[in-house]
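>>> dropping a prediction and its sequence here:
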Number of protein chains: 2
Amino acid sequence: MTPPAPLSESALQALANAAGPGNLRTAPGDCWAYGGDNSRLHAPPQAVIFATDTAQVQAVVEACRDRWIPLIARGRGTGTTGATVPDRGGVVLSFERMDRILELDPDNRLMVVQPGVTNQAVQDAAAAHGFFWPPDPTSAAYCTVGGNLAYNAAGPRAVKYGTPRENTLGLTAVTGSGRVLRTGVRTTKGVVGYDLTRLLIGSEGTLGILTEAVLRLTPLAEGKRTLQGIYDSMEAAARAVSRIMAQPVIPCALEFMDGQAIAMIRQYSTAPLPEGAGGLLMIEVDAPEAGLAEATERVAEAARGQGCLSLTQARTQEEVRALWATRKALSPALRHVAPKKINEDVAVPVSRMPDLIRDVEALSREYAIPIVCFGHAGNGNIHVNLLVDPDDPRQMAAATPCLERLFDRVLSQQGTLSGEHGVGIAKRDYVDRELSPEALDLMRGIKACFDPADILNPGKGMPVQPSPLASRPGGA
Amino acid sequence: MTPPAPLSESALQALANAAGPGNLRTAPGDCWAYGGDNSRLHAPPQAVIFATDTAQVQAVVEACRDRWIPLIARGRGTGTTGATVPDRGGVVLSFERMDRILELDPDNRLMVVQPGVTNQAVQDAAAAHGFFWPPDPTSAAYCTVGGNLAYNAAGPRAVKYGTPRENTLGLTAVTGSGRVLRTGVRTTKGVVGYDLTRLLIGSEGTLGILTEAVLRLTPLAEGKRTLQGIYDSMEAAARAVSRIMAQPVIPCALEFMDGQAIAMIRQYSTAPLPEGAGGLLMIEVDAPEAGLAEATERVAEAARGQGCLSLTQARTQEEVRALWATRKALSPALRHVAPKKINEDVAVPVSRMPDLIRDVEALSREYAIPIVCFGHAGNGNIHVNLLVDPDDPRQMAAATPCLERLFDRVLSQQGTLSGEHGVGIAKRDYVDRELSPEALDLMRGIKACFDPADILNPGKGMPVQPSPLASRPGGA
């Protein structure tokens, strides 16, 4: 990525005025630190501004809008698609200082937060009143709620409790026009006006910059039980998933690993796994204590069946940790084997998972790239990890056609290219395989309504087209 | 409403061609029958077309688009806001013949339907596989899924299971441009592209005409228990609602009636109600059989407390019917007393319900209009019924200022003007009290993206403004 021309003195002065004292950084080292996320993409912005409140964000948007300077909102940079990487330069607006919980209202099961608050801080505050907020990405300890909303990021609990779209009541945002928009309601029902709340959620900072969110809270379940099922094949495990999802007790986590993942763990950790294990399920069931044993047994019954080698229920917290240790050994093992692995997060209808896993195995053989699959089985959300060796030019060359074939298989199985990671830069050239020209045209039209100058995270989330503003002055 | 000029011969011919043999009606009697809904508003369309499939709907949209003829999609006309009343003339597109269930996929917990299928038919088909679709408006036996989606119509179960927005995976729609749009996914997670599915849901036929929907199914609970709580005041009942909603067992119905409603029932039915009853709750708890008794007791514990005169649990199906008989006696009693009652469906945060009920009582005294409140307490969704006598000019004149005051109170309590009925014609002049100019401008911009000729249910759901197309030829 070629660095864009530096911002003019007058542009910098306008940004400094808008940002307020102490909130603007332009030193190369500072800019470098805000140029990346958890993808391998990196491009430093020309300036970093720390957001402080809605009025200041509005002033910053206006300064950028009037000068066509790209403006990229950023939480903590834990995204995996480059969505916050300023590949066209511009200003990164960091929300790390706008991290307060403004209101906690247990009577109405809601919490009002600034977008820079971490997911963990929300969980801790909610838990003190017996509640939680369902979205739980792996990075929950560090990632921000603003980022969770921008990506519609979920995690294991989504299978029972939904994604941010099902757990957010309203938003405050500054549009690319510089107007402050309040959406949604403080009630769990509301049908006045179009659903702008869900439209903003998952729009990756391209429609508005979130400055406040009303989160819907859910009561914590009293008890939880953990099961681990080991199967002779991924097909058998996937059939068990279908059986589990067809009975009334929905587990609060239903995670899987395929045979390749199990082989990897066996090699790099001491977690005990029987020979012949071709698929593994981690299952959690939550319920009031009174019905918990019975609910767990219902799920266990569905988890057993043809191809089930073992089904273990943890009896103590120590056993819970031991069962999860297998799953937790996977990521370090993968990083050890392939530090530059490519991680996709496709999703297919639950019943199509065995077919897709078979397809992945065939692609792995055909392109001679080791591929490991794991993920959120209850949502059919499969993390497909291509363990490419960056020093092997053949593998690197094969990765792209292999991914393209994977995406075609996913779409032919009525799936989606991303269940929770989003599009950003990484997948923008593929989304037109999933979205029709009609949908893309409407998305571009909606984008133009919210952000007529195309300054909000321009070029993310959609196929890049020659911009009608290509000849715009650019930060002058 | 002044009848619009008749359609020209050439327009009628184009509509006939698009509709296909036997699908166009223009006789005044036919048109009359499709001119009303369950509001008191009525205006006959100039033609009625029976939708048969997506391609035909597309052809009809094109014919209307090219001639600026308003096109209003209609299910069974059970809406209460006039949203399907063709107040500017044009064509009503009736979906009563497009009522098939196209696919039932229990393994993936989904069902694909045409929009004219009744809610009841969906429930029956799903129940045969142990599932249900949560939205359950009172009119479920007759209303269509297309209508449920157009209004985001809910019902009692929403408190636990959500509205159509939480229970729909994807849609097929024809936009006002005449393009076929497919939105969403067949998986329970998906983050590719903006959320056009939820944008269409609740848009009252102004953005696109739905021709297919992928519904997300939920497993039927094994068992259900019914409780009736009677309180000495509506405040005491509302405090019980807050306590119930703050503990982990969410009831699958939590309905209320205020003292006025109880007085009405006592007068017009034989349902047994103790003296001094000022508020009543109907509570249903569903769960797997094993935990049901305990779950019910948890809710019952929360329902008891200061001001609780009695809490009765039904032991048999006969007792369930007897408890619900009280609630079911209300609507006939109201119709008997005030056949032309005005029914609003405002919603406020649950903890604000006592305040709002007090406000309503004050308004009732001030304007000398009897007002009865009941509704979905778990969502704070209050059906405020003004029992106006149409022969009393003083009451009729007082109704509008009384409603305006009510809406102001609702908004000052952080509520919304409609929890589930929608806007249509009835509330369009009030929505700018709730929605900001920024939100309304964005809604108008989005509407123009989907429907540039403004033919899809024009003038509904938003404040009417002088149209930029006011001088358009109009069906010539």
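Perfect, I can see it now. For clarity, every value in this text was computed on a predicted model and none was experimentally measured.
>>> ok, A:Asn17 to A:Arg25 distance?
Distance of A:Asn17 to A:Arg25, computed by C-beta to C-beta, to the nearest Å: 15 Å. C-beta: built from backbone N, CA, C; applies to glycine.
>>> kindly apply the preceding question to A:Ser242 instead.
Distance of A:Ser242 to A:Arg25, given as C-beta to C-beta: 52 Å.
>>> and for the residue lying closest to A:Gly184 once chain neighbours are set aside, the neighbour number?
Counting by C-beta to C-beta, 6 or more residues apart in numbering or on different chains, A:Gly184 lies nearest to A:Gly170, which is 2.7 Å off, once chain neighbours are set aside. Residue neighbour count, defined by other C-beta atoms under 10 Å in any protein chain shown, stands at 21 for A:Gly170.
>>> from B:Asn167, how far off is A:Gly170?
From A:Gly170 to B:Asn167 the distance is 20 Å (C-beta to C-beta).
>>> buried set for whichever helix or strand A:Thr183 is part of?
Counting by DSSP states H and E, the element that carries A:Thr183 is strand A:180-184. Applying a neighbour-count criterion of 16 or more other C-beta atoms under 10 Å in any protein chain shown, the buried positions in strand A:180-184 are A:180-184.
>>> wasn't A:Leu227 part of a strand?
Yes. Checked against DSSP: H, G, I helix; E, B strand; the rest coil, A:Leu227 lies within a strand.
>>> and it, what are its bridge partners?
In this structure, A:Leu227 has beta-bridge partners A:Ile283, A:Gln313, where bridges are defined by DSSP bridges.
>>> my guess is it contacts A:Arg315. True?
No. Counting by C-beta atoms under 8 Å, A:Leu227 sits too far from A:Arg315 to count as a contact (11.3 Å).
>>> who's more crowded, the two?
Summary of the neighbour comparison: A:Leu227 and A:Arg315, criterion other C-beta under 10 Å, with A:Leu227 having more neighbours (21 against 10).
>>> which intervals of chain A have sub-threshold pLDDT?
Low-confidence regions of chain A, defined by pLDDT under 70, span residues A:1-3, A:465-476.
>>> can you name the residue of it nearest to chain B?
Sorted by distance to chain B under C-beta to the nearest C-beta, the residues of chain A start with A:Gly291, at 1.8 Å.
>>> what sits against that residue?
The contact partners of A:Gly291, taken as C-beta atoms under 8 Å, 6 or more residues apart in numbering or on different chains, are B:287-288, B:290-292, B:294-295.
>>> what parts of the stretch 251-400 of chain A come near chain B?
Within the stretch 251-400 of chain A, the positions lying close to chain B (C-beta under 8 Å from any C-beta of the partner chain) are A:287-288, A:290-295, A:298, A:347-351, A:376, A:378-381.
>>> quick one, which of those residues are buried?
Those of those that meet the buried threshold are A:287-288, A:290-295, A:298, A:347-351, A:376, A:378-381, by 16+ other C-beta under 10 Å.
>>> mind listing which of these are in strands?
Using DSSP state E to define strands, the subset of those located there is A:287, A:347, A:376, A:381.
>>> show me which pair in these is furthest apart.
Every pair in these was compared (C-beta to C-beta); the two farthest apart turn out to be A:Ala287 and A:Ala347, at 26.3 Å.
>>> now the helices: where do they sit in the stretch 201-350 of chain A?
Secondary structure of the stretch 201-350 of chain A by DSSP state H, counting those that start in this stretch: the helices cover A:234-245, A:259-268, A:289-303, A:317-337.
>>> highest average neighbour count across those helices?
Greatest average neighbour count among the helices of the stretch 201-350 of chain A goes to helix A:234-245 (a mean of 23), per mean count of other C-beta atoms under 10 Å in any protein chain shown.
>>> what about that one and chain B, any contact?
Yes. Residues of helix A:234-245 contacting chain B under C-beta under 8 Å from any C-beta: A:242, A:245.
>>> and that helix, C-alpha only, in CSV?
Once non-C-alpha atoms are left out, helix A:234-245 reads as follows in CSV (Å, rounded to 0.1, in the frame of the first residue of the first chain):
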residue,chain,number,x,y,z
MET,A,234,-16.4,-35.5,11.6
GLU,A,235,-19.6,-36.8,9.9
ALA,A,236,-20.6,-38.6,13.1
ALA,A,237,-19.9,-35.4,15.1
ALA,A,238,-21.9,-33.3,12.6
ARG,A,239,-24.9,-35.7,12.8
ALA,A,240,-24.8,-35.4,16.6
VAL,A,241,-24.9,-31.6,16.1
SER,A,242,-28.0,-31.9,14.0
ARG,A,243,-29.6,-34.2,16.6
ILE,A,244,-28.7,-31.7,19.4
MET,A,245,-30.1,-28.8,17.5
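>>> can you tell me what sits against that helix?
Surrounding helix A:234-245, the residues in contact under the criterion C-beta under 8 Å, 6+ apart are A:229, A:231, A:251, A:254, A:256, A:258-259, A:278-281, A:283, A:299, A:302-308, A:350-351, A:353-354, A:357-358, A:373, A:377-378, B:107, B:109.
>>> give me the buried entries from those.
Of all these considered here, the ones buried according to neighbour count by 16+ other C-beta under 10 Å are A:229, A:231, A:251, A:254, A:256, A:258-259, A:278-281, A:283, A:299, A:302-303, A:307-308, A:350-351, A:353-354, A:357, A:373, A:377-378, B:107, B:109.
>>> residues from the stretch 51-200 of chain A in reach of chain B?
Going by C-beta under 8 Å from any C-beta, the residues of the stretch 51-200 of chain A near chain B are A:105-110, A:130, A:151-152, A:154, A:158-159, A:162-163, A:165-166, A:175, A:179-183, A:185-196, A:198-199.
>>> excluding sequence neighbours, find me the nearest residue to A:Phe256.
With C-beta to C-beta, 6+ apart as the measure, A:Ala377 is the residue that lies nearest to A:Phe256, at 4.0 Å, once sequence neighbours are left out.
>>> quick one: the one you found and A:Asp258 touch, right?
No. At 10.3 Å, A:Ala377 and A:Asp258 do not qualify as touching, with contact defined as C-beta under 8 Å.
>>> what is the burial count for the residue lying closest to A:Ala322 once chain neighbours are set aside?
In this structure, A:Ala322 finds its nearest non-sequential neighbour in A:Ala314, 7.3 Å apart by C-beta to C-beta, 6+ apart. Residue crowding around A:Ala314 was assessed by other C-beta under 10 Å; the count is 18.
>>> now for A:Ala314: which residues touch it?
Contact analysis of A:Ala314 by C-beta under 8 Å, 6+ apart lists A:225-228, A:320, A:322-323.
>>> now A:Cys373
Remark: with contacts taken as C-beta under 8 Å, 6+ apart, A:Cys373 is in contact with A:234, A:256-258, A:260-261, A:357, A:360, A:382-385.
>>> now do A:Pro156
When contacts are counted by C-beta under 8 Å, 6+ apart, A:Pro156 is found next to A:136, A:252-255, A:284, A:376.
>>> what's the farthest-apart pair in these?
Comparing every pair within the contacts of A:Pro156 by C-beta to C-beta identifies A:Asp136 and A:Leu254 as the most remote, at 13.7 Å.
>>> kindly report the domain assignment for chain A.
Residue ranges for each domain of chain A read A:9-96, A:101-219, A:223-412, as given by automatic domain parsing.
>>> could you verify my assumption that A:Val57 touches A:Thr172?
No. Taking contacts as C-beta under 8 Å, A:Val57 lies outside contact range of A:Thr172: 9.6 Å.
>>> and these two? Which one has more around it.
Set side by side, A:Val57 and A:Thr172 show unequal neighbour counts under other C-beta under 10 Å, the larger going to A:Val57 at 28 against 22.
>>> spit out the contact partners of the nearest residue to A:Ile382 once chain neighbours are set aside.
Excluding the flanking residues, the one nearest A:Ile382 by C-beta to C-beta, 6+ apart is A:Gly375, at 4.6 Å. If a contact means C-beta under 8 Å, 6+ apart, then A:Gly375 has A:255-256, A:345, A:381-383, A:419 as its contacts.
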